[in-house]
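**Q** Following is a predicted model, sequence given first.
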Amino acid sequence: MKLSIQENLVPGLKLEEKLIKAERFGFDGVEVWGHGMRERIEEIKQALSTVKIRISTICSGYRGDLLSANWEERRIAVQDLGELLGFAAQLEATGVITVPTFGGPKLPDLRPLYSSVWELERALLMTELRELSKVAEDVGVHVLLEPLNRYETHFLCRLEQAVCIAEEIGSPGIAVMADFFHMNIEESDIAEALRRSMKYLRHIHLADSNRWLPGFGHTDFRTPFKVLKEGGYNRYMTLECYVPEPKEENILKSIQYLRSLI
Ligand code: LER
Ligand code: MN
């Protein structure tokens, strides 16, 4: 298993500085934000040329909303995501983290055409993901579906819902990621949820129960990590969490804690 950290959590001004620092901390990768990627791609490639550390993933950062009631908004989301998948391939990253929609539903109740708004949203997403799966497959990266807790989205909250979508699409371009903070709220058994998702699991976000660095809350990482190890998970786990002061010291503490478990 490889460890990565989101770029904003690493002290430093320029990406090159952050990459050097993250490598010194002992990380294998850095997760970058998708926003403004077109303008940043050359700077990122340049920064990568001087270090061993890699870009693990691109986190979201597309405009629009895949489940908006507005066609333009949906179109922009699909277009931007397609473009980000291309950038992910150029950076040799796993893929692009995708939250189908934040907040509540934006689509109308179309009963009896669809039995619920959720069913309509799902059908719409399937159409969009079929299109995106071809792009992702062509360039060899993944759309990483991320379930969030109920306070951030009504749509995908548990791993099994994302797995079901990936299964139905049936393309290596569509995969699933797991975030320990969200799982801590939504899954009745984190280890079991991971075990059932192994076939489609391509990325992980790490945070403790309070969304602080792993080791600074009360989440049990031991059992889920055991499941990941047994399932042959050898991909990135990225820190997406609050870093309490003193930051550098605590990042080092957390990475040591995680290495002792994996
Ligand atoms: C939001 O809470 C989150 O976990 C992010 O990874 C969404 O992109
Ligand atoms: Mn996350």
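**A** Happy to help now that I have it. Numbers count the residues shown, from 1 in each chain. Ligands and ions are numbered 1, 2, ... in the order given.

**Q** Tell me which stretches of the stretch 101-250 of the chain form strands.
**A** Along the stretch 101-250 of the chain, counting by DSSP state E, counting those that start in this stretch, strands occupy 142-145, 174-179, 201-206, 236-239.

**Q** Assign the residue positioned nearest the centre of the chain to helix, strand or coil.
**A** Taking C-alpha atoms, centre = their mean, the centroid of the chain lies closest to Ile97, which sits 3.9 Å from it. Following DSSP: H, G, I helix; E, B strand; the rest coil, Ile97 is assigned to strand.

**Q** Let me know the pLDDT of it.
**A** As predicted, Ile97 sits at a pLDDT of 98.

**Q** OK, contacts around Glu16?
**A** Going by C-beta atoms under 8 Å, 6 or more residues apart in numbering, Glu16 touches Gln46, Ala47, Thr50, Val51. All C-beta spots, glycine's among them, are computed from the backbone N, C-alpha and C.

**Q** what residues are up against Pro108?
**A** For Pro108, the contacting residues are Ala69, Val117, by C-beta under 8 Å, 6+ apart.

**Q** if we go to 10 Å?
**A** Counting by C-beta atoms under 10 Å, 6 or more residues apart in numbering, Pro108 makes contact with Ala69, Val117, Leu120.

**Q** Now which of those would you call buried?
**A** Taking 16 or more other C-beta atoms under 10 Å as the criterion, what is buried in the contacts of Pro108 is Val117, Leu120.

**Q** just curious, which of the contacts of Pro108 is nearest to ligand 2?
**A** The nearest member of those to ligand 2, counting by C-beta to the ion, is Val117 at 24.4 Å.

**Q** which residues does the closest residue to that closest one other than its chain neighbours contact?
**A** Spatially, and ignoring its direct neighbours in sequence, Val117 is nearest to Pro105 (4.7 Å; C-beta to C-beta, 6 or more residues apart in numbering). With contact set as C-beta under 10 Å, 6+ apart, Pro105 has these partners: Leu67, Ala69, Ser116, Val117, Trp118, Leu120, Glu121, Thr153, His154, Phe155.

**Q** Can you tell me which of those is nearest Glu23?
**A** When these are compared for distance to Glu23 (C-beta to C-beta), Thr153 wins out at 33.6 Å.

**Q** Give me the distance between Gly82 and ligand 2.
**A** Gly82 sits 22 Å away from ligand 2 when distances are taken as C-beta to the ion, to the nearest Å.

**Q** what does Val78 give?
**A** Going from Val78 to ligand 2 by C-beta to the ion gives 21 Å.
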